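*Asks:* need a 3D model of the sequence below.
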Amino acid sequence: MAGPPEQHSREYYDHLVEHALKSVVRNALEEVAEKGFLGEQHFYISFMTKHPGVMLADVLRAQYADQMTIVLQHQFYNLEVSEEHFEVTLSFNKKLERLSIPFDALVSFADPSVGFGLQFQPDSMDGDAADAGQPEDDPGGPDDAPDGGEPGGQVIRLDAFRKKT
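*Replies:* Numbers count the residues shown, from 1 in each chain. Okay, the predicted model is just below:
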């Protein structure tokens, strides 16, 4: 860490918290990659499609120019998780597509089976980009995505813990 604690800004600690919460997502994905889902468990993962390092088919990037939500539930293949990103193959319009998503591109993560959710403020996201994604009733994910509805459960917003200056 750089410098004594008195030199750290609020943003420094916000960054540490974001990193720690993204490690929760990483650990959950690693467990699913190793053991599969337990019971009715499934994930909704939203990410910025323009974030550096996001790799997805041009047709998907054109359809979801700013933000996309994928659903990992029944039909996903070759989930691989690394320190910085995860990769997964999903079916879109009956065609398999490989996605590579850096954890820094995440906007939200939810496991509706237990009512758990996290929302992130990615570094490269400005205020307008957060609202520029798809409608909330469109999961925008693979063919096995449920029709409509939000993932549900409690979403933890970091802004609630940030001191307004």
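*Asks:* who does the helix ranked longest in the chain touch, helix- and strand-wise?
*Replies:* Ordering each helix of the chain by length in residues (DSSP state H) puts helix 10-35 first. With contacts defined as 3 or more C-beta pairs under 8 Å, 6 or more residues apart in numbering; DSSP states H and E, the packing partners of helix 10-35 are strand 43-48, strand 76-81, strand 106-111, strand 116-119. The C-beta positions use only the backbone N, C-alpha and C, and glycine is treated the same way.
*Asks:* what about the chain, any weak spots by pLDDT?
*Replies:* By pLDDT under 70, the low-scoring segments of the chain are 1-7, 122-165.
*Asks:* just to revisit the earlier point, any idea which of the helices and strands packed on helix 10-35 is most buried?
*Replies:* strand 43-48 (a mean of 24; mean count of other C-beta atoms under 10 Å).
*Asks:* that one versus strand 76-81: what angle between them?
*Replies:* Angle of strand 43-48 versus strand 76-81, following axes from the mean of the first three to the mean of the last three C-alpha atoms, to 10 degrees, is 70 degrees.
*Asks:* strands paired with strand 43-48, and their directions?
*Replies:* With DSSP bridges as the test, strand 43-48 is paired with strand 67-72 (antiparallel), strand 106-111 (antiparallel).
*Asks:* just want the angle from the last one to helix 10-35.
*Replies:* With the same axes, to 10 degrees as the criterion, the two stretches strand 106-111 and helix 10-35 enclose an angle of 50 degrees.
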